[in-house]
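Asks: My questions are about this predicted structure, shown below with the sequence.
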Amino acid sequence: MVHLVTAVIKPHRLEEVKAALGDMGVAGMTITEVKGHGRQGGHTETYRGAEYTIDLIPKVKIEVVVDTSDADKVVDAIVNAAKTGKIGDGKVWVTAVDRLVRIRTGERDAEAV
Amino acid sequence: MAPSSTLTPLPEGSPIRRRFPLSRTRLAAGLAVATTVLLTAGVAYAQEAEAPPAPTMEQVNSTVTTIAQRTNLLWIVIGAALVIFMQAGFALVETGFCRAKHAAHVVSTNFAIFGLGFVAFFLVGYSFMFGGASYAPVVAPGSPALDYGFSEAVGGPLIGSGNWTFLWQGGWAGSWFDASSPEKLALSGAIAGFFLYMVAFMDTTATIPTGSMAERWKWKSFVLWGLFCGAIYYPLFGAWTWGGGWLAKLGDSMGWGNGYVDFAGSGIVHAMGGAAALSGAIVLGPRLGKFGKDGKPRALPGHHIPMAMLGTFILLFGWFGFNAASTFAAMDSQFALVAANTAIAAAFGGVVGMAWIWIRTGKPDPAMMANGMLAGLVAITAPCAFVDPWAAMLIGIVAGVVVIEAVFLIERKGKIDDPVGAISVHGVNGIWGVLAVGIFANGKYGVDALGPGIGWNGTTSQVVDGSAPGVTGILYGGTGGGQLMAQVAGALTIIIVGVGLSFAFFKIQNALTKGGIRSEEADEVAGLDLPEMGVLAYPEFVGAGDSYPDVDAPAGTAKAREGAAT
C-alpha cells in the first residue's frame, strides 16, 4: 500500500523540511509554489494611506509518496520541521493512492516508491 | 593671451546678471589674486629669457573677466544637463508607482514629454517667455555685459508694456542665433546655454501631470498636452516672473518688496505643473476600482517600489543642478549654500514624511517616504538662496507633513485619484515654497542685485540709503511685509490661472476628442500597454498586472484582457 503525504508550509521552512525528509531516507518529493489562506483570511496593509487586504499568502506545497508504514513518521517529521508556532504554519494531510507506477521501469505500487 | 574681443571688462558695479551680481568686493579680491599670479609668472619668465613685456592691468582684467564669464556659462550648461537627467527620475518614480500592466505606457509618456515640450518651447515658448528680454532683462540701458557680455534684447512685449508685460515676442525658433561676427557668436552661445537651462525647467513642468493622470490617459491626448505646455502654458507664467513681466514688477508697481521672487521655480515650475496635474486628474476622473461603492479609496499599489525609490534619488541628484546652478554664476559662491539648503530640506522632508506616515498608518510606507523627500525639495526650490539652514530645515519639516496630509485630503475628501502624489508634492508644496520666501528670506542675498540701487527683479523703488535691499521675508521686517504680499499674489495667480487655464484646456480637449481624453474602459482594465503602445513592458511575466487583485473590477475583466491580447 502507498500513501500520498501533502503539506502546505511556510516557504522559509522548506529547507528544514527537505533536510528532515532526507535524513529519514525519503527519496523523492515534488515542490510547488502556491498561494492560499486559512482561518484568519490574510491580513490588511496600507499603501499611500489606503487600506488593502492581502488575502492570498505565498506558501510552498510539498507532495511525497511513501509506503503506508512510513506515512506517520513522515507526517511527524514534516510537522516538526515546519513548525514555528505562529499563525500560518500550514497543514499536512495524507491520502490513499490507488496506483503508483515508475515510468522508466514500469514498477508498481510499493516497489515504485 | 590676447584679450577676447567679444568681452568687455566689467566696470565697477555693472549689472552683471538679472538675479545676482558678483559681489564687488569678491570680484576685486579675485582680480587682485589673479593679477598677482599673472604678474609674478611674467617676472619669472622674464628672468629666464628676453620676454615680452608684462601684461598691462587692462589685459589682466580682461583675461580674468573672460575666465569668469566662461566658468559661469559652464556652470549653467552643467546645471542644464543635471536638470535634464531629472526626466529619468520622473520616469522611474511614476512608472514604479503604477501597475505593471500600464508600465510601458507610463514610462513612454515620461520619455516622450521631453521632446514634445522641447520642440514647442524651442519654436515659440522661449520667445513668449524671454523674447523681449533675450535671456535677461536689461535694467540699465546701454550698460555693458551681463554675465556673458550680452545686453541686447531680441524682441519686445507682445501684450502689455512697462511693468505690466504679459507676453514677449522675438527670437522665434532659435532666430536669436547670430554667427555673423565673433562678438555675436559669443553672445549667441551664451543665450544658447541659457535656453538649454530653461528648456529643461519647462520639461519638468510638462512631465508632472503624467503622474496624476497615469494609467487612463489616451496617448494622442497626452501628445497635445506636451505641445501646449511647452508653447503656452509654461511660458505664460514664466513671462510674468522670470521673463520680467507684471508679477516680477510688483515691487515697483505696487511697492511689494522685490516683486514675486522664485529663485529656482517652486511656483513657476512645480506649482504650475501641480496645478495642471490637479486639473487633469479631475477631468479624467479616478482609475477604475480606485474608489469602492462606499466611496472609500482603495489602494492600487505600485508594481516596482525599488524603481520608484531609485527615481527619487535621481531627482535629488538632478535637483542640485535645478537649484544650485540657478545662481547662473559659478563665481557666485552662494551656490554652495543653495546646494546645502536643498539637501537639508530633502533630508528633513524624507525623515518627517517617513515618521508621519508611520504614525498615521502604522507602517513607514516607502511611497510616502519618497513623496516626503520630493516635497522638501519642491518647497526649498523658491527660497533656497535666501534662507538660513535652520529655515531650510523648517521648510523641509513642514513639507514632510503637508505632503502626506494633502494626499489624504485630496484622495479622501476630494475623491481625486493621483497615483503618484504629483498634486501634493508639486502643487501643494510648490505653493508652500513660494510663501516660504515671503516668510523666511533673511534679506542678505540680492542686495543691489543688478547694480547700485537696482534690486532683485530690477526693482528700484525700495532703495534705502542708495542701496536696493535684498529679498526679505516678513520675519525680518523691512520690505518683508510687501514681499509676502507679492508671494501671496504669485500663489493666488498660480491657483487661479494655472488651475483655470489647464482645466479649460483639458475640458475643451475632452469635448473635442472623439470619446474624450480618457482611454477606453476595456483598455484600462487590460492595461494600456498593448492597446495604446502595442507592446507589453513585461511580456515574459504571466499575469503582469494581476499581482494585486483589481478591486471592484468590472465583470468581464478576463475576457477584456483576452480580447486585447489577441
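Replies: All right, it came through fine. Residues are numbered from 1 along each chain as shown, chains lettered A, B, ... in the order given.

Asks: List the residues that contact residue B:490.
Replies: Contacts here follow Cβ atoms under 8 Å, 6 or more residues apart in numbering or on different chains; on that basis residue B:490 touches B:241, B:247, B:260, B:262, B:267, B:434. Placement of C-beta: from N, CA and C, glycine included.

Asks: how about JSON lines for the residues you listed, with distance to residue B:195 and pLDDT added?
Replies: Formatted as JSON lines, the contacts of residue B:490 follow (distance: Cβ to Cβ, whole Å; pLDDT from 0 to 100):
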{"residue": "B:241", "distance to residue B:195": "17", "pLDDT": "93"}
{"residue": "B:247", "distance to residue B:195": "22", "pLDDT": "96"}
{"residue": "B:260", "distance to residue B:195": "22", "pLDDT": "97"}
{"residue": "B:262", "distance to residue B:195": "19", "pLDDT": "97"}
{"residue": "B:267", "distance to residue B:195": "21", "pLDDT": "97"}
{"residue": "B:434", "distance to residue B:195": "25", "pLDDT": "98"}
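
Asks: Out of these, which sit inside helices?
Replies: Among the contacts of residue B:490, the members falling in helices are residue B:434 (criterion: DSSP state H).

Asks: Neighbour-wise, which one of the contacts of residue B:490 leads?
Replies: residue B:260 (33 neighbours; other Cβ atoms under 10 Å in any protein chain shown).

Asks: Flag every residue of chain A that's near chain B.
Replies: A:45-52 (Cβ under 8 Å from any Cβ of the partner chain).

Asks: Any of those residues buried? List them.
Replies: A:45-50, A:52 (16 or more other Cβ atoms under 10 Å in any protein chain shown).

Asks: Mind checking which of those land in helices?
Replies: Using DSSP H to define helices, no part of those is located there.

Asks: now, among the residues you listed, which is nearest to residue A:80?
Replies: Nearest to residue A:80, judged by Cβ to Cβ, of these is residue A:45 at 31.6 Å.

Asks: The closest one against residue A:57, yeah?
Replies: No - the pair residue A:45 / residue A:57 is not scored as a contact, 11.8 Å apart, by Cβ atoms under 8 Å.

Asks: can you map out the helices along the stretch 51-200 of chain B?
Replies: B:57-96, B:103-120, B:126-130, B:182-207 (DSSP state H, counting those that start in this stretch).

Asks: Show me what the second one is in contact with.
Replies: When contacts are taken as Cβ under 8 Å, 6+ apart, the neighbours of helix B:103-120 outside the stretch itself are B:84, B:87, B:90-91, B:94-95, B:98, B:199, B:202-203, B:205-207, B:210, B:214-215, B:217, B:219, B:222-223, B:226-231, B:234, B:303-304, B:527-529, B:532-533, B:535-538, B:544.

Asks: Swap in 7 Å and give it another go.
Replies: B:87, B:90-91, B:94-95, B:98, B:199, B:202-203, B:206-207, B:210, B:214-215, B:222-223, B:226-227, B:229-231, B:303, B:528-529, B:532-533, B:535-538 (Cβ atoms under 7 Å, 6 or more residues apart in numbering or on different chains).

Asks: what's the answer for the shortest one, then?
Replies: For helix B:126-130, contacts defined as Cβ under 7 Å, 6+ apart pick out B:155, B:167-172, B:195, B:198, B:235, B:238-239, B:243.

Asks: returning to that earlier point: the residues of chain A next to chain B in strands, which ones?
Replies: Those of the residues of chain A next to chain B mapping onto strands are A:45-47, A:50-52, per DSSP state E.

Asks: if we can go back for a sec, any of the contacts of helix B:103-120 buried? List them.
Replies: Using 16+ other Cβ under 10 Å, the buried ones in the contacts of helix B:103-120 are B:87, B:90-91, B:94-95, B:98, B:199, B:202-203, B:206-207, B:210, B:214-215, B:222, B:226-227, B:229-231, B:303, B:528-529, B:532-533, B:536-538.

Asks: which residues sit against the helix ranked longest in chain A?
Replies: When chain A is parsed with DSSP H, its longest helix is helix A:71-82. The contact list for helix A:71-82 (Cβ under 7 Å, 6+ apart) reads A:3, A:5, A:7, A:9-10, A:13, A:16-17, A:20-21, A:24, A:26, A:64, A:66, A:89-90, A:92, A:94.

Asks: got the buried residues for that helix?
Replies: The neighbour-count check on helix A:71-82 (16+ other Cβ under 10 Å) flags A:71, A:74-75, A:77-79, A:81-82 as buried.

Asks: how much space is there between residue B:361 and residue A:44?
Replies: The gap separating residue B:361 from residue A:44 is 11 Å, by Cβ to Cβ, to the nearest Å.

Asks: At which residues are the strands of chain B located?
Replies: B:156-159, B:167-169.

Asks: From the contact counts, what lies against the shortest one?
Replies: Counting contacts by 3 or more Cβ pairs under 7 Å, 6 or more residues apart in numbering or on different chains; DSSP states H and E, the secondary-structure elements packed against strand B:167-169 are helix B:126-130, strand B:156-159, helix B:234-240.
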